[in-house]
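Engineer: Fold the stuff below for me.
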Amino acid sequence: MTAENAKAAVMTVASVNVGLPREVTWHGERVLTGIYKEPVPGRVAVRMLNLDGDRQADLRVHGGAAKAVYCYPCEHYDYWKAVLARPELPCGMFGENLTTTGMDEHSVHLGDEFAIGTARVVVTQPRMPCYKLGIRFESDSMVKSFLSSGRTGFYVAVTREGDVGKGDAIVPIGRHPAAVRVSDVTRLYVAKRFGRDEHAIFERALTVAALPDSWKDYLRRRL
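Structural biologist: All right, here's what the predicted structure looks like:
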């Protein structure tokens, strides 16, 4: 990324959101979930596995170094307010740790690196929703709507611990040469058939060190 492009992209942290797992009742069953996140004031420490004050409930599918921090674009909130007919949606509603501005799945690539506050992170993968997103919105159809919208947000791994706060700039420090957009991965995950161009994207994605092995295994099977 050139210095000119970096200056043109105004990317910031709109909100820092954390939450601890809680038990809720869904379809008559008790479920432990960490999807409930609330905005917090001040600065929050960013660790290799999560933010201070934040935890995941089911570590088999959530959390870990490759999913240390979940980012979701603030710009998507207007879309969901209209689609869901909910004029008020607080930051953190999608379970994200950082609500961001100025960046989305089309502009961010696997392996891109950013400085946020005093921390440094690298983009690892899109968010694949589970049924607990439906719990948060009290709707079984929310998971399908979320995935089909392409507005998934993305996970980052922490390459240098630090702290973040509302209003911090998100500064690009490295763009991966494979240039595989987060939106490309989500689109190919949903797609049933692939052409030459799609196969080329798969091949480039496999060169990104930050992409987790589970994703690489999936892409190899699809290839």
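Engineer: distance of the residue sitting furthest away from the middle of the chain from Ile35?
Structural biologist: Most distant residue from the mean C-alpha position of the chain: Gly28, 29.5 Å away (CA atoms, centre = their mean). Distance from Gly28 to Ile35, counting by CB to CB, to the nearest Å: 19 Å. Glycine gets a C-beta too; all of them are placed from N, C-alpha and C.
Engineer: picking that back up, where does the residue farthest from the centre of the chain fall, phi/psi-wise?
Structural biologist: phi 80, psi 0 (degrees, to the nearest 10).
Engineer: begin at 15 from here
Structural biologist: In the new count, where the first residue is 15, that last one comes out as Gly42.
Engineer: Need the pLDDT of it.
Structural biologist: pLDDT, Gly42: 95.
Engineer: Contact partners for the residue lying closest to Arg201 once chain neighbours are set aside?
Structural biologist: Nearest non-adjacent residue to Arg201, counting by CB to CB, 6 or more residues apart in numbering: Gly164, 6.9 Å away. Gly164 is in contact with Glu119, Ser197, Thr200, Arg201, counting by CB atoms under 8 Å, 6 or more residues apart in numbering.
Engineer: where do the strands sit along the chain?
Structural biologist: 26-32, 36-40, 43-47, 52-53, 57-60, 83-87, 112-115, 127-130, 133-140, 168-174, 176-179, 184-188 (DSSP state E).
Engineer: Which of those sits closest to Phe151?
Structural biologist: strand 36-40 (11.4 Å; CB to CB).
Engineer: quick one on the thing from earlier: take the strands of the chain and write them to TSV, including distance to Glu152.
Structural biologist: TSV is the format used below for the strands of the chain (distance: least, CB to CB, whole Å):
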stretch	distance to Glu152
strand 26-32	19
strand 36-40	9
strand 43-47	13
strand 52-53	18
strand 57-60	28
strand 83-87	19
strand 112-115	21
strand 127-130	32
strand 133-140	24
strand 168-174	25
strand 176-179	30
strand 184-188	32
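Engineer: Among these, which comes closest to Asp231?
Structural biologist: That would be strand 133-140 among those, by CB to CB, at 12.8 Å.
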